[in-house]
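S.K.: Need the 3D shape of this:
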Amino acid sequence: MDGLLVDTEPLWHRAEVEILGDLGVPLHAGDTRATKGMFVREVTRYWFERYPWAGPDTDQVADQVVDRVGALVLAEGRMKPGVDQVLTLCADHGLALAVASSTEYRLIELILGHFDLRRRFELVHSAQDEPYGKPHPGVFLSAASRLGAEPSRCLVWEDAPAGVLAAKAARMACVAVPDPAERAEPAMGLADAVLASLAEADDALLERLGAAHWADPLAAPAAAEPPGVARRSSP
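M.R.: Predicted coordinates for the structure are as follows:
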């Protein structure tokens, strides 16, 4: 969700710099990229291990960051280009959709509700329910399980290097839509496709991914299934 559907990455950066900076963590431009994709409570623990502070514990600081991001989203947030297009594309292909995010549920629901996106997704799953955040694949594997989908039949859309690593660790296909500053990150080379914007996604992309990942090479053309993104397994 963050950085892919909604342009929240600058807002997370501001919130972390403001709140952690007040605690003496010397965050500068670009420093927050080191924790991009992590669960927020992992982020505050990460910085506490490097720059211990006196006062609130790491969970309390994480709550402050989430509250600040929520306020910034309501005041300044905007959707990324191509969101409606790509969600419609997936729906037209009969694909079940889930949000699998490192963000806490309360902020996911606030953001999706604010942009009227919640109705587009069958379910929401947060790393809040997982022992580890990305790049661990748990959040994606659990979302696939809740959809009744085999991981190898799923497609992840990601913007963060940690998310791409998580997707590939889960044995899922992955389309990366990175920030230009992260396009050269080694993890992006693992993605099955790298787009400049969600607006570049089209039928040809899904067909190519389907042929590469999900088509049965022994099946007759008429029997081959279309590509699937978190498609339910048969009962």
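
S.K.: Please work out how many residues are found near residue 190.
M.R.: 16 (other CB atoms under 10 Å). Any C-beta I mention is one placed from the backbone N, CA and C, and that applies to glycine too.

S.K.: hang on, I meant residue 67
M.R.: Quick note: residue 67 (other CB under 10 Å) scores 14 neighbours.

S.K.: Which of the helices or strands spans it?
M.R.: According to DSSP states H and E, residue 67 maps onto helix 58-76.

S.K.: what comes up buried for the very next helix or strand once past that helix?
M.R.: Next in sequence after helix 58-76, counting helices and strands by DSSP H and E, comes helix 83-92. The neighbour-count check on helix 83-92 (16 or more other CB atoms under 10 Å) flags 83, 86, 87, 89, 90 as buried.

S.K.: okay if I get these as TSV plus distance to residue 208 and pLDDT?
M.R.: TSV is the format used below for those (distance: CB to CB, whole Å; pLDDT from 0 to 100):
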residue	distance to residue 208	pLDDT
83	21	98
86	15	97
87	19	97
89	13	97
90	15	95
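
S.K.: Need the per-residue pLDDT for residue 219.
M.R.: The per-residue pLDDT reported for residue 219 equals 43.

S.K.: What residues of stretch 150-159 count as buried?
M.R.: Buried residues in stretch 150-159 (16+ other CB under 10 Å): 150, 151, 153, 154, 155, 156, 157, 158, 159.

S.K.: Can you tell me how far residue 181 is from residue 159?
M.R.: Applying CB to CB, to the nearest Å, the value for residue 181 to residue 159 is 11 Å.

S.K.: In this protein, where is pLDDT below threshold?
M.R.: Within the chain, the segments meeting pLDDT under 70 span 29, 216-235.

S.K.: quick one, strands of the chain?
M.R.: Using DSSP state E, the strands of the chain run over residues 98-101, 123-126, 155-158, 173-176, 193-194.

S.K.: Please compute how far the fourth one lies from its chain's middle.
M.R.: To tie it back to what came earlier, the one meant is strand 173-176. 11 Å (CA atoms, centre = their mean, to the nearest Å).

S.K.: what sits up against it?
M.R.: 154-159, 164, 167-168, 188, 190-195, 201, 205, 209, 212-213 (CB atoms under 8 Å, 6 or more residues apart in numbering).
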